[in-house]
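Participant: have a look at this prediction, sequence included:
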Amino acid sequence: MNPNCLGFTATDKSVFSHGSKRPWAGVGTELPQNATIEQITQLSGLNYDVLESPVFYDKRDVNGEKRIRVFQDKKALFRSDTGQALSVVSKENYKVVQPSDILKLFSDLSEIGGFSLETAGSLKAGKKIWALANIGHSVEVVDSDLVKPYLLLATSYDGTLATTCKFTAVRVSCNNTLVSALNRVANVNTGYLSDNIKINHSSIFNKDSVRQKLGIFKDSHEKFIINMRILANTPMRNEESKEFVKTLLAPTVASTTKKEIEELTSYKKIMSLFSGEAIGHGLTGGNNRWTMLNAITEYTDHHKTAKGKNPNENRVNSAFFGSSNILKTRAVELLNT
């Protein structure tokens with residue numbers, strides 16, 4: 001059994017090997033308990049305003065002279081501290097909510113739900129803002145294999161993400177981020193935390209009502225743990241595991257045959273992790289569907305190639321909002337069929 005898998009909690013700050021280091025390490029900022037909004041804003045690097053500017057373009061008139069025109073229905077968003085452009089959005093339909101106000105909303109939601117805001121930060125130079133709230137104690141899936149529940153809160157200034165809250169979980173031994181296919185994504189901008197929860201964050205809302213409805217996320221964690229225990233009690237033989245990974249990866253690649261998929265780096269890595277290389281492999285109770293899920297999440301969170309100037313940031317973005325999140329969700333869905 002790998003010694004790196006024993007005795008860690010989600011707040012340990014030691015420097016671990018790649019598999020046990022939190023995927024958001026170096027991207028988000030760990031927050032002190034009972035931090036004020038001012039402290040959270042400062043520590044997370046979100047102590048700036050998002051400003052608006054007209055969008056200009058050049059157009060020649062009938063005499064061939066260049067004229068500066070203004071897009072009447074568009075506006076540009078940029079940071080007050082660096083001047084970094086964030087996006088071009090609808091002038092009429094897009095209402096700018098400042099980072100400090102978003103963090104206040106996140107903090108209020110956490111406080112109302114009885115949660116603890118633990119980490120906050122930004123991605124893509126401020127185009128996305130995110131936070132993690134601890135919503136409960138770690139729970140065993142199998143003996144000594146602990147999972148810690150979180151509420152992921154996020155919004156964007158580039159139109160790629162509405163203000164959302166959704167359930168996620170972190171496996172303590174290796175800090176893989178797990179997703180629940182049963183999870184309902186919360187859309188605060190349109191007023192919904194689930195199909196029957198309405199929050200208007202531009203006005204005063206009923207705290208007692210919201211507190212009760214936020215309990216759905218704790219219920220999601222309980223259902224998620226039950227689901228993961230079922231996976232842990234469902235054996236997965238070698239041939240079945242190979243066919244599963246081929247089916248999982250098929251929609252993500254141009255390869256059309258299972259033989260071609262077998263040659264992919266992603267296929268080979270997931271299979272090696274499933275077969276024993278994954279951190280915490282000895283905790284999962286043998287080769288079963290829970291073992292497979294953790295092989296996939298370790299691959300997406302720690303091994304999958306992250307491109308660009310900020311690979312770690314891109315990896316976090318993918319794990320929470322992008323292709324890695326989609327792959328993990330698809331894995332959960334397939335493993336439950």
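Facilitator: Right, received. Where do you want to start? This one's a predicted model, so the numbers in the text were calculated from it and none came from an experiment.

Participant: show me what the helix or strand harbouring M292 is packed against.
Facilitator: M292 is part of helix 289-298 when elements are defined by DSSP states H and E. Under the contact definition 3 or more C-beta pairs under 8 Å, 6 or more residues apart in numbering; DSSP states H and E, helix 289-298 sits against strand 176-178, helix 207-232, helix 238-249, helix 265-272, helix 323-335. Every C-beta, even on glycine, is put in place using the N, C-alpha and C of the backbone.

Participant: the inter-axis angle of it versus helix 265-272?
Facilitator: 140 degrees (axes from the mean of the first three to the mean of the last three C-alpha atoms, to 10 degrees).

Participant: what mean pLDDT does helix 289-298 have?
Facilitator: The average pLDDT within helix 289-298 is 93.

Participant: again, but for stretch 248-263
Facilitator: 82.

Participant: repeat for stretch 68-88
Facilitator: Mean predicted confidence for stretch 68-88 is 92.

Participant: what's the answer for stretch 100-108, then?
Facilitator: In the prediction, stretch 100-108 has an average pLDDT of 84.

Participant: so how far is that stretch from its chain's centroid?
Facilitator: Relative to its chain's centre, stretch 100-108 lies at 18 Å (C-alpha atoms, centre = their mean, to the nearest Å).

Participant: and T305, helix, strand or coil?
Facilitator: Look at T305: counting by DSSP: H, G, I helix; E, B strand; the rest coil, its state is coil.

Participant: how many residues are close by it?
Facilitator: By other C-beta atoms under 10 Å, the residues close to T305 number 9.

Participant: okay, it: pLDDT?
Facilitator: T305 is given a pLDDT of 82.

Participant: gap between it and E333?
Facilitator: 24 Å (C-beta to C-beta, to the nearest Å).

Participant: circling back to that earlier point, for the helices and strands packed on helix 289-298, which one sits closest to I279?
Facilitator: Closest approach to I279 among these (C-beta to C-beta): strand 176-178, 8.5 Å.

Participant: all strands of the stretch 51-200 of the chain, in order?
Facilitator: Along the stretch 51-200 of the chain, counting by DSSP state E, counting those that start in this stretch, strands occupy 66-79, 85-90, 116-123, 128-134, 139-142, 145-156, 164-171, 176-178, 186-187, 192-194, 197-198.

Participant: same list (those) but as TSV, adding distance to L283.
Facilitator: Output for these, formatted as TSV (distance: least, C-beta to C-beta, whole Å):
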stretch	distance to L283
strand 66-79	44
strand 85-90	42
strand 116-123	23
strand 128-134	21
strand 139-142	7
strand 145-156	4
strand 164-171	9
strand 176-178	12
strand 186-187	31
strand 192-194	32
strand 197-198	35
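
Participant: of all those, which lies closest to E313?
Facilitator: The minimum distance between E313 and these falls on strand 116-123, with 5.6 Å, by C-beta to C-beta.

Participant: in its sheet, what does the closest one sit against?
Facilitator: strand 28-30 (antiparallel), strand 128-134 (antiparallel) (DSSP bridges).

Participant: tabulate those in a markdown table, adding columns for mean pLDDT.
Facilitator: Compiled in a markdown table, the strands paired with strand 116-123 are given as follows (pLDDT from 0 to 100):
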| stretch | mean pLDDT |
| --- | --- |
| strand 28-30 | 87 |
| strand 128-134 | 89 |
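
Participant: out of the ones you listed, which one sits most buried?
Facilitator: Mean neighbours per residue, mean count of other C-beta atoms under 10 Å, is largest over the strands paired with strand 116-123 for strand 128-134, with a mean of 25.

Participant: where does the prediction get shaky in the stretch 201-337 of the chain?
Facilitator: Along the stretch 201-337 of the chain, segments meeting pLDDT under 70 span 201-218, 255-256.

Participant: and the chain, what are its domain boundaries?
Facilitator: Residue ranges for the domains of the chain, per automatic domain parsing: 3-45+98-231, 50-90, 235-335.

Participant: columns distance to T119 on top of the strands paired with strand 116-123, output as CSV?
Facilitator: Output for those, formatted as CSV (distance: least, C-beta to C-beta, whole Å):
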stretch, distance to T119
strand 28-30, 4
strand 128-134, 4
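
Participant: who wins for proximity to T155 among these?
Facilitator: strand 128-134 (5.5 Å).

Participant: so K269 touches Y299, yeah?
Facilitator: Yes: between K269 and Y299 there is a contact under C-beta atoms under 8 Å: 5.4 Å.

Participant: compare the two (neighbour count), which wins?
Facilitator: For K269 versus Y299, neighbours defined as other C-beta under 10 Å are more numerous around Y299 (25 against 18).

Participant: from V96, how far out is A85?
Facilitator: 14 Å.

Participant: what residues are shared contacts of those two?
Facilitator: Residues touching both A85 and V96 (C-beta atoms under 8 Å, 6 or more residues apart in numbering) are L77.
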